[in-house]
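S.K.: Just a sequence and a predicted model for now, questions to come.
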Amino acid sequence: KTPATENAEAIPTSWSGRSRCLGGYFGVLWHGFIGSFWLALKLNDYSTAIQVCTSVLDILITLRIYGLHINSAYKISWIILILLFPIFGLTIYLLFGRSGAVSVMRRRFGKNMTMLRRYHAPILQQRRALPYPDRITRNHVRYLQDRAGYPAYDNTDVTFYGDTCEALEAQKTALRSAEKFIFMEYHAIEDASAWQELEDILAERAAHGVEVRVFYDDVGSIGFINSKFVKKLAGRGIQCRRFNPVIPILNVFMNNRDHRKITVVDGRVGFTGGYNLAEEYFNRTHLRPVEGQRHPAGGRRRARPDADFLRAVGRNAEGSPRGRALSARCALHRAGECVVLPYADNPLDDEATGENVYLNMIRSAKDYVYITTPYLILSDEMQRTLRLAASSGVDVRIITPGIPDKKLIFSVTRSYYASLAKSGVRIYEYAPGFIHAKQCVTDGTEAVVGTINFDFRSLYLHFENACWFCGCSAVADVRRDFDALFPVCREVT
């Protein structure tokens, strides 16, 4: 046969093979459809029994949910879904609602927490003897130490930065001084100019033998970095890990994200606060006017230039490290004046540490409570606590963004205004744009700065961290930051 003849005969053979493949594919689909239809007809004969069993199971699950020691809003949401859509609601609850759905991660995280608590045990025993200015402060510290397992530290210098650009420069200075290790954990990292400045410092320190580890949330950094980011850092001597990598399968743990923002240098200096390592948080994105204001083109968010940030430096009399995971700006104080307690929260235990700290501060306030949060989605208990404080004569003020990054969430945030205002809570919207700070100060005696928003995801679903502190001038700095914010906000209540 000639080559032309062979090619001519190969063409129909190829097409016949494809036809057989397509025929087999459609055959499988057809048989699957027929089988499903036959199964549906058979099950129809038992529809009454199936309906009765489903109803009984729905009632049992509903009673179980009602008896759980969880937030009432979660209970009501699941109960309504199951009662309105029995089969669908029950399926969704069994997939996502049960605590056992993340049992593997719960066990793994529990082992790490057990190891951490063993390390903290002798420190906690020593810290219980610290002097506190009053009983309320002592009770707040007791909760975080005894219940949450995080020790308080004295002999620690704390500073509050109201400007992210200033805080970034302080962070660079601390990184350049690293001699042993640098640990960084962030919800979002953008591989752009701000991060590049930090990366160059990290690479330089790694070249001098400093252990450098970077940890970021995979969902939080989507669109900011590419798949080669980890390898690029490894090539520069920087260890990098992704938290909870996104995989294209049904994974309940995907709903729990790492929202923390921490830098630790040599176990001596720590930073935390409301901003991620992305351009928008330093107002380096291209700006365009929108409704008389300015915010980043691309529509993600605008971090106010004076967003909250903390740095802490700890040391004892011998100069050994103190305050390993702290974050605040440094203002020097006499030994014993300042008490700092860095703490974390996670969705894998039954302790709502972040919410409980806020609740304790609001309930114990005598004169005022000032709060900033980018999102305001409150539990019934938090709403009652805020309303009760305002009704009792406490000056309760909340600052939220004036320009949203997510319009739907902004609408939900505003839906809480009326009920809070009715009890005397004053709501302010930050007129220049979006505000990403998460901070709270009460009576000029104590303050919290960290990553924990006043919303359900931060309080119940995310891994978070914050820093509680008292007895230092940084508390007054936080109060002054609020005093500077109120004039540029519009009161909406």
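M.R.: All right, it came through fine. Numbering: from 1, shown residues only.

S.K.: Show the pLDDT at the spatially closest residue to Y66 that is not a sequence neighbour.
M.R.: The shortest distance from Y66 to any non-neighbouring residue, by Cβ to Cβ, 6 or more residues apart in numbering, is to K75 (6.2 Å). (Each C-beta comes from the backbone N, C-alpha and C, glycine too.) At K75, the pLDDT value in this model is 83.

S.K.: partner strands of the helix or strand hosting C467, parallel or antiparallel?
M.R.: According to DSSP states H and E, C467 maps onto strand 464-470. Strand pairing for strand 464-470, using DSSP bridges, gives strand 339-345 (antiparallel), strand 446-450 (antiparallel).

S.K.: winner for burial among the ones you listed?
M.R.: Most buried of the strands paired with strand 464-470, by mean neighbour count (mean count of other Cβ atoms under 10 Å): strand 446-450, with a mean of 28.

S.K.: For the closest residue to A352 other than its chain neighbours, give me its contacts.
M.R.: Using Cβ to Cβ, 6+ apart and skipping the chain neighbours, the partner closest in space to A352 is L459 (6.1 Å). Residues in contact with L459, defined by Cβ atoms under 8 Å, 6 or more residues apart in numbering, are 345, 352, 354-355, 379, 452-453.

S.K.: Is L459 in a helix, a strand, or coil?
M.R.: Classification of L459 by DSSP: H, G, I helix; E, B strand; the rest coil places it in helix.

S.K.: Off-centre distance for stretch 134-142?
M.R.: Per Cα atoms, centre = their mean, to the nearest Å, the displacement of stretch 134-142 from the mean C-alpha position of its chain is 26 Å.

S.K.: Check stretch 122-141 too.
M.R.: Mean C-alpha position of stretch 122-141 versus that of the full chain (Cα atoms, centre = their mean) differs by 27 Å.

S.K.: ends of it, how far apart?
M.R.: 16 Å (Cα to Cα, to the nearest Å).

S.K.: Identify all contacting residues around that stretch.
M.R.: By Cβ under 8 Å, 6+ apart, stretch 122-141 touches 145-146, 149, 151-154, 336, 339, 341, 357, 360-361, 364, 445-446, 468, 470-471.

S.K.: where do the helices sit along the stretch 151-300 of the chain?
M.R.: Shown for the stretch 151-300 of the chain, the helices assigned by DSSP state H, counting those that start in this stretch span residues 164-176, 193-207, 229-235.

S.K.: among those, which is nearest K406?
M.R.: Proximity to K406 (Cβ to Cβ) singles out helix 164-176 among these, at 20.5 Å.

S.K.: how big is the angle separating the closest one from helix 193-207?
M.R.: Here the directions of helix 164-176 and helix 193-207 differ by 10 degrees (axes from the mean of the first three to the mean of the last three Cα atoms, to 10 degrees).

S.K.: If we go by neighbour counts, what in helix 164-176 is buried?
M.R.: Neighbour-count burial for helix 164-176 flags 164, 167-168, 170-171, 174-175 (criterion: 16 or more other Cβ atoms under 10 Å).

S.K.: related to what we said a few turns ago, please pick the buried ones from the contacts of stretch 122-141.
M.R.: Buried members of those, counted by 16+ other Cβ under 10 Å: 145, 149, 151-154, 339, 341, 357, 360-361, 364, 445-446, 468, 470-471.

S.K.: got the end-to-end distance for stretch 452-465?
M.R.: Termini of stretch 452-465 sit 7 Å apart (Cα to Cα).

S.K.: check contacts around S103.
M.R.: By Cβ under 8 Å, 6+ apart, the contact list for S103 is empty.

S.K.: ok so it is a helix residue?
M.R.: Yes. Assessed by three-state DSSP, S103 belongs to a helix.

S.K.: And the pLDDT at it?
M.R.: Confidence score, pLDDT, at S103: 71.

S.K.: any idea how far H140 is from L81?
M.R.: Separation of L81 from H140 (Cβ to Cβ, to the nearest Å) stands at 37 Å.

S.K.: quick one, which of those two is more surrounded?
M.R.: Neighbour totals were compared for L81 and H140, and H140 leads with 23 against 16 (other Cβ atoms under 10 Å).

S.K.: I'd like the buried residues of helix 164-176 laid out as a markdown table, including distance to V441 and pLDDT.
M.R.: Output for the buried residues of helix 164-176, formatted as a markdown table (distance: Cβ to Cβ, whole Å; pLDDT from 0 to 100):
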| residue | distance to V441 | pLDDT |
| --- | --- | --- |
| T164 | 19 | 87 |
| A167 | 18 | 91 |
| L168 | 23 | 93 |
| A170 | 21 | 93 |
| Q171 | 23 | 94 |
| A174 | 25 | 95 |
| L175 | 28 | 96 |
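
S.K.: Just give me the closest of those to E197.
M.R.: L168 (8.1 Å).

S.K.: which ones are touching the closest residue to the closest one other than its chain neighbours?
M.R.: Distances taken as Cβ to Cβ, 6+ apart place F282 nearest to L168, at 6.3 Å, with adjacent residues excluded. By Cβ under 8 Å, 6+ apart, the contact set of F282 is 164-165, 168, 194, 275, 303.

S.K.: could you dump the residues you listed to TSV with distance to L94?
M.R.: Shown next, in TSV, are the contacts of F282 (distance: Cβ to Cβ, whole Å):
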residue	distance to L94
T164	43
C165	48
L168	46
A194	44
Y275	38
A303	40
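
S.K.: Which one of these is nearest to K111?
M.R.: Here the nearest of those to K111, counting by Cβ to Cβ, is Y275; it sits at 31.5 Å.

S.K.: Quick check, that closest one in contact with Y281.
M.R.: Yes. With contact defined as Cβ atoms under 8 Å, Y275 reaches Y281; the gap is 3.9 Å.

S.K.: who has more neighbours, these two?
M.R.: Set Y275 next to Y281 and count neighbours by other Cβ under 10 Å: Y281 wins out with 28 against 25.

S.K.: The more buried one and L144, how far apart?
M.R.: Distance from Y281 to L144, counting by Cβ to Cβ: 28 Å.

S.K.: cool, L388 as well?
M.R.: 23 Å.

S.K.: again with R257
M.R.: 23 Å.

S.K.: try I403
M.R.: From I403 to L144 the distance is 35 Å (Cβ to Cβ).

S.K.: and what of R127?
M.R.: Separation of R127 from L144 (Cβ to Cβ): 10 Å.

S.K.: okay, and the common contacts of those two?
M.R.: By Cβ under 8 Å, 6+ apart, the residues touching both R127 and L144 are A152.

S.K.: still on that earlier bit, shouldn't the residue nearest to Y66 be in contact with H69?
M.R.: No. K75 is beyond contact range of H69, at 10.0 Å (criterion: Cβ under 8 Å).

S.K.: Which one of these two is surrounded by more residues?
M.R.: A count of neighbours by other Cβ under 10 Å puts K75 above the other of K75 and H69, at 16 against 6.

S.K.: want to try TSV for the buried residues of helix 164-176, with distance to D395 as columns?
M.R.: Below are the buried residues of helix 164-176 laid out as TSV (distance: Cβ to Cβ, whole Å):
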residue	distance to D395
T164	27
A167	28
L168	33
A170	32
Q171	34
A174	36
L175	39
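
S.K.: Nothing else from me, thank you.
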